[in-house]
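Trainee: Sequence isn't available, so here's the structure alone:
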Ligand code: MD3
Ligand code: FE
């Protein structure tokens with residue numbers, strides 16, 4: 001379903017096996033070389049979501065190759081198979097064989113939400129590229145809030161994101177405010193390998209060297 005121009009939700013896009021494989025590899029990335037952590041915000045706050053990057057490390061509000069705010073290690077490489085998955089996501093979401101021509105995501109952000117974790121309304125503006133963002137969800141369902149490009153408030157739409165769902169944000173939706181106001185504990189299937197919580201993987205083009 002096209003939720004807004006360029007924003008397409010494809011429920012159940014990942015197979016059960018793909019979800020299990022992604023959980024395994026995300027668990028490895030969560031251990032290192034940069035351990036998954038709650039990101040510290042410049043104002044002194046700490047995010048409730050746990051995050052780790054591949055290809056690039058993200059900290060508010062910039063990308064780097066090393067995690068200077070964690071352990072100083074260089075982040076894991078962004079694998080070719082993950083870029084391929086991102087290209088298949090664009091083709092399937094936009095129903096266009098050419099949608100991924102020239103699309104080369106180089107950053108993955110892995111977010112883990114416990115039952116009480118939230119993500120406030122924000123824009124993703126650290127990338128120097130307007131290329132689409134690909135989002136993959138595994139585990140517990142959540143309420144995903146998709147807003148406008150002007151401010152954090154209304155108008156917005158709340159969309160339920162479940163395990164295996166794909167969401168692509170391109171075109172005018174790329175710079176919309178968005179957030180995760182609620183996770184629904186206990187709605188995930190332990191067969192994914194996630195005993196609880198929600199995993200979200202986003203693929204981005206940083207536009208950085
Ligand atoms: C719309 N993550 O990591 S994924 C983030 O579920 C982030 O963990 C949320 O927002 C999560 O920055 C939402 C959906 C998403 C991701 C990036 C976007 C929507 C987006 C970038 C631009 C517009
Ligand atoms: Fe975001």
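Mentor: Received, thanks. Bear in mind that the values here come from a model prediction, so they are computed numbers and not experimental data. Ligands and ions are numbered 1, 2, ... in the order given.

Trainee: use CA for all of it now, contacts and neighbours both
Mentor: Noted.

Trainee: so which residue of the chain comes closest to ligand 1?
Mentor: Closest contact between the chain and ligand 1, by CA to the nearest ligand atom, is at residue 174 (4.3 Å).

Trainee: And for that residue, the neighbour number?
Mentor: Counted by other CA atoms under 10 Å, the residues lying close to residue 174 total 21.

Trainee: any idea how far it lies from residue 6?
Mentor: Residue 174 sits 8 Å away from residue 6 when distances are taken as CA to CA, to the nearest Å.

Trainee: Distance check, residue 185 against residue 139.
Mentor: 9 Å.

Trainee: need the residues of this structure near ligand 1, please.
Mentor: Contact residues, the chain versus ligand 1 (CA under 6 Å from any ligand atom): 111, 124, 133, 135, 169, 173-176, 178-179, 200, 202.

Trainee: May I see those residues arranged in CSV, with pLDDT and secondary structure as well?
Mentor: Converted to CSV, these look like this (pLDDT from 0 to 100; DSSP: H, G, I helix; E, B strand; the rest coil):
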residue, pLDDT, secondary structure
111, 98, strand
124, 97, coil
133, 98, strand
135, 98, strand
169, 98, strand
173, 97, helix
174, 98, helix
175, 97, helix
176, 98, coil
178, 98, strand
179, 98, strand
200, 98, strand
202, 98, strand
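
Trainee: Residue 55 and residue 75 touch, don't they?
Mentor: Yes - Residue 55 sits in contact with residue 75 when judged by CA atoms under 8 Å, with a separation of 6.2 Å.

Trainee: any common contacting residues for these two?
Mentor: Common neighbours of residue 55 and residue 75 (criterion: CA atoms under 8 Å, 6 or more residues apart in numbering): residue 65.

Trainee: Of all the residues in the host helix or strand of residue 83, which ones are buried?
Mentor: When secondary structure is defined using DSSP states H and E, the element that contains residue 83 is helix 80-94. Neighbour counts over helix 80-94 (16 or more other CA atoms under 10 Å) mark 82-83, 86-87, 89-90, 92-94 as buried.

Trainee: who's in contact with that helix?
Mentor: The set of residues external to helix 80-94 that reach it, using CA under 8 Å, 6+ apart, is 8-10, 96-100, 103-106, 134, 166-168, 203.

Trainee: got a pLDDT number for residue 12?
Mentor: Reported pLDDT at residue 12 in the predicted model: 98.

Trainee: What about it, how many residues nearby?
Mentor: 16.

Trainee: Return the distance of it relative to residue 105.
Mentor: According to CA to CA, residue 12 and residue 105 sit 22 Å apart.

Trainee: now swap in residue 143 and tell me
Mentor: 26 Å.

Trainee: neighbour-wise, which of the two wins?
Mentor: residue 105 (25 against 18).

Trainee: quick check, the more buried one in a helix?
Mentor: No - with DSSP: H, G, I helix; E, B strand; the rest coil as the criterion, residue 105 is coil rather than part of a helix.

Trainee: Am I right that it is in contact with residue 207?
Mentor: No - between residue 105 and residue 207 no contact is recorded; they are 9.1 Å apart, counting by CA under 8 Å.
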